[in-house]
Every structure is written in C-alpha cells, then in structure tokens.
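K.L.:
Mind folding the following:
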Amino acid sequence: MPWGRGTRIGFQMSSVAAPHRPDGRVPNQLRPVKIVPDYLKFAEGSVLIRVGDTRVICAATIEDRVPGWMRGKGSGWVTAEYSMLPRAGTERSQRESARGQIGGRTHEIQRLIGRSLRGVIDLSRLGERTITLDCDVIQADGGTRTASITGAYVALARALNRYGMGQLLTGKVAAVSVGMVGGQLLLDLNYAEDSAAEVDFNVVMTDDDRFVELQATAEHRSFSREQMQQMVDLGAAGIRQLFELQAQAIEAAPGE
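P.N.:
Predicted coordinates for the structure are as follows:
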C-alpha cells in the first residue's frame, strides 16, 4: 500500500532551544507521522502508523463475547496484544512464541495499551463484547509503545464507527515520549536519543488534558519536580498535535 494514501504530520512548535538534533528537528518537534487507515482488509478497524522510522500495524477486532469473569454483567471489555517482528530492530530477536512465554516488557506494554484505550470508551454501553487491539511492530526506532497507543485509538474509533457505535467513545487518547539528553529536554525520541537519555518519560493523555499514565525513569541521573513539569508540558503539547492527525485518519473515507 503506497505511503501517499496516509496523512502526514510534522508539526514544529516554537523552539525551546536553538540547537538542532541529528535528524534536523528542534527539541520540541515531533518526528514526521503518517497514518494509513484501513491497512488490513479483514479487520474491523486497522491502521499502519509511521512515526519517523518506527512503524506499527494496529488492528481492532470486535467479538460477541467477554472473558469468563465478566459474563452476565452486561459490560464489555477492551484488551490489547503487542508484539515485535524478529527483524523490527537492527538485529534479529527470537519470537516470544518460540520461547514459550511472553516477556516482561511485552506484558507491560500490552497492559499499558489496554488501559489507555479502556479510558476513552464507555464499557457499560458496549454490551458483552470484547474489542482486541493487536499492535505489531514491523520496524522499531524508538517510541513503539507510544506509537501503538496513538495508532490503536484510530483503529478502535474506525471499528466502532463502522458498526454504528462511535458514540461509545468518551474522548481521544494519544501518547508520546519525552526525554532528557545531554541535559536538554527533547520531544519524541528516536532510538539513538532514547539510548543516550538521562531521563525517559512516556506521556499518555486524553483530549480533556487528563493523564492515563506518566512513565518517568531516571536512567543516569535524577530529575527535579520542575523538570518533570516541563516534560509533562512538552509531551502534552505534542499529543495535542497528534489528536489532529488522529481526527483526520478517523474521518477518512474507507479506502482513502
């Protein structure tokens, strides 16, 4: 499927610092983002999201069943599965299915995606249905979990709209990474920047400026309360721009 069918975004906010990054961006600039809706033929909703050189296929499946512990409650469920192709990175990684168990990182990301999507849908009105979001990373260059959340929301929205259930969405959700590299705050880190970051921070936010999750880790040095607030603000500004891109992809005509 040609990339031209997607929508591209490359917002540049007013610069917070003069120096440019290795890829030419200023510190508070998102990587180029492109979302291709209806990327898969058979899924109820699907997208291919590209964030810089990171690419993730997100698919939504709606099934008329719920986990056993939810039966008879009249409510629905949203869950997620996340995986990375063996050659998504610079070296081949073993498939988790070959190892016979899901790794801790994968389990953590799956739960994060599920929490993020459940935060913007009225499960009580979904009925006894399960929506599964499959996020498969086909190329990884940093920010795979945040790209998965941003793309999975579009896949979810398009699936619900397809079956006349769009009103079940209570808001939007998107995610982006922020980090501190060389003492400088950067938005939307690629792998090289993430590997060198003193602080790694993932922001998951809804469109009413509420947070689903803030994941902050000091890799090499601690950070102050003031720096934390600056990273939250930087991430929030980037996410507001992602909301615009999501809206364009959700409203795109089938096959557009």
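K.L.:
Show the contacting residues for residue 159.
P.N.:
For residue 159, the contact set (Cβ atoms under 8 Å, 6 or more residues apart in numbering) comprises 43, 44, 45, 60, 61, 62, 131. The way it works is simple: take the backbone N, C-alpha and C, and place the C-beta from them, glycine included.
K.L.:
Now it: closest residue in space that isn't a chain neighbour?
P.N.:
residue 45 (3.0 Å; Cβ to Cβ, 6 or more residues apart in numbering).
K.L.:
give me the number of residues near that neighbour?
P.N.:
26 (other Cβ atoms under 10 Å).
K.L.:
I'd assumed residue 152 was in contact with it.
P.N.:
No. Between residue 45 and residue 152 there is no contact under Cβ atoms under 8 Å: 9.3 Å.
K.L.:
between those two, what contacts are shared?
P.N.:
With Cβ under 8 Å, 6+ apart as the test, residue 45 and residue 152 both reach residue 60.
K.L.:
Surely residue 178 is in a strand?
P.N.:
Yes. Assessed by DSSP: H, G, I helix; E, B strand; the rest coil, residue 178 belongs to a strand.
K.L.:
For it, give me the pLDDT.
P.N.:
At residue 178, the model reports a pLDDT of 97.
K.L.:
Just give me the neighbour total for it.
P.N.:
Counted with other Cβ under 10 Å, residue 178 comes out at 29.
K.L.:
can you check residue 69 too?
P.N.:
That count, for residue 69 with other Cβ under 10 Å as the rule, works out to 7.
K.L.:
again, but for residue 175
P.N.:
28.
K.L.:
For the one helix or strand it maps to, which strands pair with it and how are they oriented?
P.N.:
Element membership for residue 175 (DSSP states H and E) is strand 173-181. Using DSSP bridges, the strands paired with strand 173-181 are strand 184-187 (antiparallel), strand 199-206 (antiparallel).
K.L.:
Among those strands, which comes closest to residue 68?
P.N.:
strand 199-206 (28.5 Å; Cβ to Cβ).
K.L.:
where does this protein have low pLDDT?
P.N.:
1-19, 97-98, 101, 255-256 (pLDDT under 70).
K.L.:
Could you double-check that residue 37 sits in contact with residue 154?
P.N.:
Yes. Assessed by Cβ under 8 Å, residue 37 is found in contact with residue 154 at 6.7 Å.
K.L.:
and for the two, which residues touch both?
P.N.:
The contact lists of residue 37 and residue 154 share 47, 249, 250, where a contact means Cβ under 8 Å, 6+ apart.
K.L.:
Just say helix, strand or coil for residue 117.
P.N.:
Going by three-state DSSP: residue 117 is helix.
K.L.:
Is the residue nearest to it when sequence neighbours are not counted bridged to anything, and to what?
P.N.:
The shortest distance from residue 117 to any non-neighbouring residue, by Cβ to Cβ, 6+ apart, is to residue 78 (4.9 Å). Assessed by DSSP bridges, residue 78 has beta-bridge partners residue 131.
K.L.:
Right, I'll leave it there.
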